[in-house]
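[1] Task: produce atomic coordinates for the following.
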Amino acid sequence: MNIIRRCYLTIRYRLFRLLLPFPKIHTPMETLDKLLQSNLSMARFGDGEFHMINQTEHLGFQDMDDELSQRLRAILSSNSAVCMICIPYGLRSVQHLNAQGSFFWRQFVVFHYRKYIPYFNYSRPYYDACVTRPYMDWQDKSHCGSFFSKLKQLWQDKRILIVEGEMSRLGVGNDLFSGASAIGRIITLSQQAFSCYDALLLETERVGRAYDLVLLALGPTATVLAYDLSHLGLRALDIGHVDIEYEWFLQRASKKVAIPGKYVNEVKDGNTQHDRADQRYEQEIVSRIFTP
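    Numbering: from 1, shown residues only. Model (predicted):
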């Protein structure tokens, strides 16, 4: 970006911060503390979920869908007593982010934020959607290890059910979920998962009764699923990219890179699955949902 465009972005960002209403958003640590101190579920909105609301940008792994858009709009403006609604803290402040992360959310505010103002609920605070992304975009990475250790306490000694796309393989090849007492998995489509939503909701509710915690990684589908499961009496956390962030943390990666055997939608060739045979992973699968 040349200096003129950079100055233009900076001026408009500062102006928007002064003139536009912004919801209150708890910090990443406040969000994690709330998760640890409560039994609340968590539904998260990142840039992809925002774009899906107004169907303004193709996500690659999920086609635009009117029903999905309507559900996301309703959830974003809701005031649930059982589900934390999370949006990126980067909308509130970019001081904790590195140059790449800061630029991303400043340009999001400048070019996209106004479209979503009607859908926010300004009467109550939101929590941070990037609580599950505590590495790559952080400026100070010296605390990432302790943050991940604290994050792991959410499933320590718990029976967890992971609902994920067939190419995600959360926790495979690392120790992210080693503290869980048992792991089950429901596997579904890595792309167009919302096409299976009704069947996925029914199966997750049925199977999830035998577990303490449901962890979801399915893009915008996970946002809706976490919300619906929470109102069916299950604790469900939309944990998004946490496994990929953890992989990057273990590698001490300085930029987003592909992870062999796992779906990484944010990097070139990151959606190519390489064989990573894992007998334990196969044994953990309790159900597969690939059709409506």
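
[2] Nearest spatial neighbour of the residue sitting nearest the centre point of the chain, chain-adjacent residues omitted?
    Residue closest to the average C-alpha location in the chain (Cα atoms, centre = their mean): residue 240, at 3.2 Å. Leaving aside its sequence neighbours, residue 240 sits nearest to residue 132 (Cβ to Cβ, 6 or more residues apart in numbering; 4.9 Å). Using the backbone N, CA and C atoms, a C-beta is placed for each residue, glycine as well.

[3] try residue 122
    Nearest residue to residue 122, sequence neighbours excluded (Cβ to Cβ, 6+ apart): residue 23, at 5.5 Å.

[4] Tell me which stretches of the stretch 51-200 of the chain form helices.
    For the stretch 51-200 of the chain, the helices defined by DSSP state H, counting those that start in this stretch cover 66-76, 99-111, 144-152, 197-208.

[5] just checking, what packs against the shortest one?
    Pointing back at helix 144-152 there. Helices and strands touching helix 144-152, by 3 or more Cβ pairs under 8 Å, 6 or more residues apart in numbering; DSSP states H and E, are helix 28-37, helix 242-251.

[6] In this structure, where is pLDDT below threshold?
    Where the chain drops to pLDDT under 70, the residues are 1, 56-60, 269-277.

[7] tell me the angle of the longest helix anywhere in it relative to helix 99-111?
    Counting residues, the longest helix found in the chain (DSSP state H) is helix 3-19. If you take axes from the mean of the first three to the mean of the last three Cα atoms, to 10 degrees, helix 3-19 sits at 60 degrees to helix 99-111.

[8] And for helix 3-19, what's in contact with it?
    Among residues not part of helix 3-19, those counted as contacts by Cβ atoms under 8 Å, 6 or more residues apart in numbering are 1, 103, 106, 107, 109, 110, 113, 114.

[9] 6 Å - rerun?
    The contact list for helix 3-19 (Cβ atoms under 6 Å, 6 or more residues apart in numbering) reads 106, 109, 110.

[10] again, but for stretch 216-229
    Residues outside stretch 216-229 that contact it (Cβ under 6 Å, 6+ apart): 41, 43, 49, 52, 61-62, 68, 71, 75, 83, 163-164, 168, 170, 193-194, 201, 236, 238-240.

[11] one more time with 7 Å, if that's ok
    41-45, 48-49, 52, 59, 61-62, 68, 71-72, 75, 80, 83, 163-165, 168, 170, 193-194, 197, 200-201, 204-205, 208, 214, 236-240 (Cβ atoms under 7 Å, 6 or more residues apart in numbering).

[12] again, but for stretch 195-214
    The list of residues contacting stretch 195-214 from outside it, by Cβ under 7 Å, 6+ apart, reads 155, 158-161, 163, 184, 186, 188-189, 221, 225, 228-229, 232, 234-237, 286-287, 289-292.

[13] Keep only those of the contacts of stretch 216-229 that are in strands.
    Counting by DSSP state E, the contacts of stretch 216-229 place 41, 42, 43, 44, 83, 163, 164, 165, 214, 236, 237, 238 in strands.

[14] for the nearest residue to residue 165 once chain neighbours are set aside, what are its contacts?
    Of all residues not flanking residue 165 in the chain, residue 190 sits nearest, at 3.3 Å (Cβ to Cβ, 6+ apart). Contact partners of residue 190, counting by Cβ under 7 Å, 6+ apart, are 61, 165, 166, 167, 168, 263.

[15] would you turn those into TSV with distance to residue 146 and neighbour count?
    Shown next, in TSV, are the contacts of residue 190 (distance: Cβ to Cβ, whole Å; neighbours: other Cβ atoms under 10 Å):
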residue	distance to residue 146	neighbour count
61	32	20
165	29	23
166	33	16
167	30	20
168	25	24
263	28	21
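
[16] Could you identify the pair within those that is furthest apart?
    Farthest pair in these (Cβ to Cβ) is 61 and 166. Separation: 11.9 Å.

[17] Neighbours of the residue nearest to residue 240, how many?
    26 (other Cβ atoms under 10 Å).
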